[in-house]
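Chemist: Sequence and computational prediction follow.
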Amino acid sequence: MSVSEAARDLYLLVAVFGLVPAVRLAGLPVLAASAFAAIGGVGALQLERAGLPIGGAVLAAIVAGAVAGAATGALVARAAPPFVALTTWALAWLAYTVLLGFPSLSGGGQGLTRPALDTVETPIGVTFTLTPRLHLVFAAVLCVLVYAFSVWVTRSRAGMEATAARDDHALAASLRIPSRRVETLALAGGAAAAAGAGASVLLGVAAPADVSPLLALQLFAAALAATRSPLLGVAVIVALPHVADWLTAVLLLAAVAVRGRPRVAAGADELKPPGELPATSGELHARDLHVTLGGREILRGLDLDVRAGEIHALIGPNGSGKTTALNALHLTRTFQRDAGFPALTPLQQLALVSDDPSTYLALVGLLERANSAPAALTTGERRLLAVARAAATEAPVLAFDEPAAGMSAAERESLIAVLRALAQAGRAVLVVEHDLRLVAATADVVTVLDDGVAIAHGAPDAVIADETVQRVYLGAAA
Ligand SMILES: Nc1ncnc2c1ncn2[C@@H]1O[C@H](COP(=O)(O)OP(=O)(O)OP(=O)(O)O)[C@@H](O)[C@H]1O
């Protein structure tokens with residue numbers, strides 16, 4: 001391998017390491033890296049033609065790549081991974097066909113050219129010649145910097161936020177945890193643009209053929225490999241541009257076949273001593289709630305009031321609209337099917353929403369599990385963790401969807417104590433629950449929902465003893 005080839009591979013590695021946080025943390029199959037590389041390569045040479053010194057042109061092209069990455073992140077902010085793949089693949093094609101279609105922009109088939117072995121004067125008076133060897137040093141330094149940055153991002157709070165949003169987008173959104181797609185894609189865009197600009201200056205040419213959508217697949221395959229081990233990423237990006245094109249496709253298929261998500265083992269983060277549960281109080285008043293789904297009216301004029309310091313149970317037969325009501329109210333809440341964030345320890349999960357995670361771990365009795373892998377928790381402990389996550393946001397109104405499901409008797413007792421503690425600290429607590437013993441033991445007020453309307457409302461003993469409720473609810477639940 002010549003020095004030039006080695007330098008080019010190192011530039012490509014910069015793009016790969018820049019893509020890793022988007023792929024690994026945010027779980028995004030980004031297939032637009034070749035478009036960002038095109039912005040870097042063509043952008044730098046065009047800006048130089050427009051009169052910028054080459055150093056300034058390269059920097060401006062990198063910024064343009066980062067901006068394009070951020071814009072792509074905003075475009076796919078809510079998209080599911082398959083749509084992210086399709087959309088970003090479309091962008092790669094668009095960039096490629098625009099370059100082919102506008103020779104004035106891209107220099108046509110042979111591309112834009114510039115002297116490769118150029119002598120560059122810097123503003124501080126130092127002059128140097130851009131030899132392949134110098135590129136090798138540049139590219140290596142850039143590679144180390146981008147790699148170190150991507151490792152740092154992984155451990156940062158932003159990295160954990162991206163991981164949480166990757167594992168459960170809806171849950172993360174309900175806890176107001178940002179998805180970080182814009183930032184991870186800005187990094188991917190900037191790094192790929194740096195790779196494109198570096199390679200163009202190195203080779204003295206920026207041609208459409210060098211930034212075909214195949215390059216996007218190769219960079220993605222290498223980033224996927226690098227999420228397993230950085231050396232594997234190096235091997236893939238060094239090998240792929242030098243072998244037959246079909247091997248890229250085969251490698252991606254193999255990666256999908258053996259794919260697994262990086263799981264976090266137990267952590268070892270320090271715990272502060274837990275404090276008092278902070279007081280925050282709020283109320284919920286909903287009037288005449290109507291929701292139609294799939295042409296059927298699921299909620300038909302529901303009124304719901306939860307006062308500060310009150311535990312309000314919403315009960316009713318399966319399909320009566322309880323979860324639909326929680327969805328419509330956009331509350332800070334737990335979900336019925338709640339896998340949580342399997343890649344983050346309980347302490348890390350709570351640290352995403354609170355500066356005082358130990359207080360909330362203590363609240364639900366999970367202090368000793370703070371650094372456990374979530375997979376090691378029981379179903380009930382995971383439910384308690386979900387309650388703690390919602391509570392840790394300090395939202396004044398909290399909703400829990402069947403929090404006791406799958407809990408042992410002891411865990412149920414803990415849950416009852418937690419709900420009481422939250423109400424005592426001023427929260428308005430809304431609980432959807434099938435377990436009537438738990439409802440009777442905790443709720444101040446019960447609303448019974450049947451077919452989208454409230455058929456009874458009041459103190460738990462009276463409501464549960466009510467004849468209509470017995471018939472509708474217990475009859476249907478039995
Ligand atoms: N997206 C949807 N499109 C059409 N119908 C839906 C949709 N989501 C829910 N439904 C229907 O709305 C009704 C109420 O569902 P919901 O989940 O709110 O009930 P629930 O009271 O929470 O029941 P469960 O106790 O089983 O959780 C059900 O009949 C369900 O089939």
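Modeler: That came in fine, so what should we check first?

Chemist: Helix or strand for Leu87, just tell me which one.
Modeler: Leu isn't right for residue 87; it's Thr. helix 81-101 (DSSP states H and E).

Chemist: Likewise for Gly109?
Modeler: Applying DSSP H and E, one finds Gly109 in no helix or strand.

Chemist: buried ones in stretch 395-410?
Modeler: If you call a residue buried by 16 or more other C-beta atoms under 10 Å, then stretch 395-410 has these buried ones: 395-404, 407. (C-beta placed from N, C-alpha, C; glycine too.)

Chemist: same deal with stretch 359-368?
Modeler: Across stretch 359-368, burial judged by 16+ other C-beta under 10 Å covers 359-367.

Chemist: out of those residues, who's near the ligand?
Modeler: Contacts with the ligand are made by none of the buried residues of stretch 359-368, judged by C-beta under 6 Å from any ligand atom.

Chemist: Go through those residues and flag which are in helices.
Modeler: Among the buried residues of stretch 359-368, the residues falling in helices (DSSP state H) are 359-363.

Chemist: helices or strands next to the helix or strand in which Leu142 is found in the packing?
Modeler: Element membership for Leu142, per DSSP H and E: helix 132-155. Using 3 or more C-beta pairs under 8 Å, 6 or more residues apart in numbering; DSSP states H and E as the contact test, the elements touching helix 132-155 are helix 3-20, helix 181-203.

Chemist: Report the backbone C-alpha coordinates of that helix in CSV.
Modeler: Extracted C-alpha coordinates of helix 132-155, given in CSV (Å, rounded to 0.1, in the frame of the first residue of the first chain):
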residue,chain,number,x,y,z
PRO,A,132,1.3,12.3,1.1
ARG,A,133,3.4,11.8,4.2
LEU,A,134,2.1,15.1,5.7
HIS,A,135,-1.5,14.0,4.9
LEU,A,136,-0.8,10.7,6.7
VAL,A,137,0.1,12.7,9.8
PHE,A,138,-2.9,15.0,9.5
ALA,A,139,-5.3,12.1,8.9
ALA,A,140,-3.8,10.1,11.8
VAL,A,141,-4.2,13.1,14.2
LEU,A,142,-7.7,13.7,13.0
CYS,A,143,-8.6,10.0,13.4
VAL,A,144,-7.3,9.9,17.0
LEU,A,145,-9.2,13.1,17.8
VAL,A,146,-12.5,11.9,16.3
TYR,A,147,-12.1,8.5,17.9
ALA,A,148,-11.4,10.0,21.3
PHE,A,149,-14.3,12.4,20.9
SER,A,150,-16.7,9.5,20.0
VAL,A,151,-15.5,7.5,23.1
TRP,A,152,-16.0,10.6,25.3
VAL,A,153,-19.5,11.1,23.8
THR,A,154,-20.4,7.5,24.6
ARG,A,155,-19.8,8.1,28.3
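
Chemist: That helix: what's the following helix or strand?
Modeler: Beyond helix 132-155 on the C-terminal side, the first helix or strand identified by DSSP H and E is helix 157-167.

Chemist: That next one vs helix 81-101, what angle?
Modeler: Interaxial angle, helix 157-167 versus helix 81-101 (axes from the mean of the first three to the mean of the last three C-alpha atoms, to 10 degrees): 110 degrees.

Chemist: quick one: helix 157-167 to helix 132-155, angle?
Modeler: 70 degrees.

Chemist: buried stuff in helix 157-167?
Modeler: Buried residues in helix 157-167, counted by 16+ other C-beta under 10 Å: 158-167.

Chemist: Report the contact partners of the residue in the stretch 51-200 of the chain that the ligand sits nearest to.
Modeler: Residue nearest to the ligand within the stretch 51-200 of the chain: Ala170 (13.3 Å; C-beta to the nearest ligand atom). Ala170 makes contact with Phe335, according to C-beta atoms under 8 Å, 6 or more residues apart in numbering.

Chemist: Recalculate using a threshold of 7 Å.
Modeler: Ala170 makes no contacts at all, as judged by C-beta atoms under 7 Å, 6 or more residues apart in numbering.

Chemist: now swap in the one 4 residues further on and tell me
Modeler: Contact partners of Ser174, counting by C-beta under 7 Å, 6+ apart, are 332-333.

Chemist: ok, now how distant is it from Met407?
Modeler: According to C-beta to C-beta, to the nearest Å, Ser174 stands 21 Å off from Met407.

Chemist: same deal with Phe36?
Modeler: In terms of C-beta to C-beta, Phe36 sits 48 Å off from Met407.

Chemist: How is the protein partitioned into domains?
Modeler: The record's domain parsing of the chain by automatic domain parsing lists 3-257, 284-477.

Chemist: How far away from the center of its chain is the first one?
Modeler: Using C-alpha atoms, centre = their mean, to the nearest Å, the distance from the centre of domain 3-257 to the centre of the chain it belongs to is 20 Å.

Chemist: so how far is the first residue of it from its last?
Modeler: 35 Å (C-alpha to C-alpha, to the nearest Å).

Chemist: rewinding a little: show me what the helix holding Thr87 is packed against.
Modeler: The helices and strands touching helix 81-101, judged by 3 or more C-beta pairs under 7 Å, 6 or more residues apart in numbering; DSSP states H and E, are helix 33-49, helix 54-75, helix 213-228.

Chemist: Out of the ones you listed, which one sits most buried?
Modeler: Ranked by mean neighbour count, the helices and strands packed on helix 81-101 are led by helix 33-49 with a mean of 28 (mean count of other C-beta atoms under 10 Å).

Chemist: what angle separates that one from helix 213-228?
Modeler: Using the same axes, to 10 degrees: helix 33-49 against helix 213-228 is 120 degrees.

Chemist: Just want the angle from helix 33-49 to helix 54-75.
Modeler: Going by the same axes, to 10 degrees, helix 33-49 makes 140 degrees with helix 54-75.

Chemist: for helix 33-49, packing partners?
Modeler: helix 3-20, helix 54-75, helix 81-101, strand 112-113, helix 181-203, strand 205-206, helix 213-228.

Chemist: Is it possible to get TSV of these that adds distance to the ligand?
Modeler: Putting the helices and strands packed on helix 33-49 into TSV (distance: least, C-beta to the nearest ligand atom, whole Å) gives the following:
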stretch	distance to the ligand
helix 3-20	35
helix 54-75	26
helix 81-101	19
strand 112-113	52
helix 181-203	25
strand 205-206	49
helix 213-228	33
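
Chemist: Including mean pLDDT, could those go into CSV?
Modeler: Formatted as CSV, the helices and strands packed on helix 33-49 follow (pLDDT from 0 to 100):
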stretch, mean pLDDT
helix 3-20, 96
helix 54-75, 97
helix 81-101, 95
strand 112-113, 93
helix 181-203, 97
strand 205-206, 94
helix 213-228, 94
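
Chemist: mind putting those in a markdown table, distance to Leu350 included?
Modeler: Conversion of the helices and strands packed on helix 33-49 to a markdown table gives the following (distance: least, C-beta to C-beta, whole Å):
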| stretch | distance to Leu350 |
| --- | --- |
| helix 3-20 | 26 |
| helix 54-75 | 27 |
| helix 81-101 | 27 |
| strand 112-113 | 52 |
| helix 181-203 | 22 |
| strand 205-206 | 48 |
| helix 213-228 | 26 |
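
Chemist: Please identify which pair of the buried residues of stretch 395-410 lies farthest apart.
Modeler: Of all pairs drawn from the buried residues of stretch 395-410, the one with the longest distance (C-beta to C-beta) is Pro396 and Met407, at 25.5 Å.

Chemist: List the residues that contact Gly406.
Modeler: Applying C-beta under 7 Å, 6+ apart to Gly406 gives the contacts 379-380, 383.

Chemist: No further questions, thank you.
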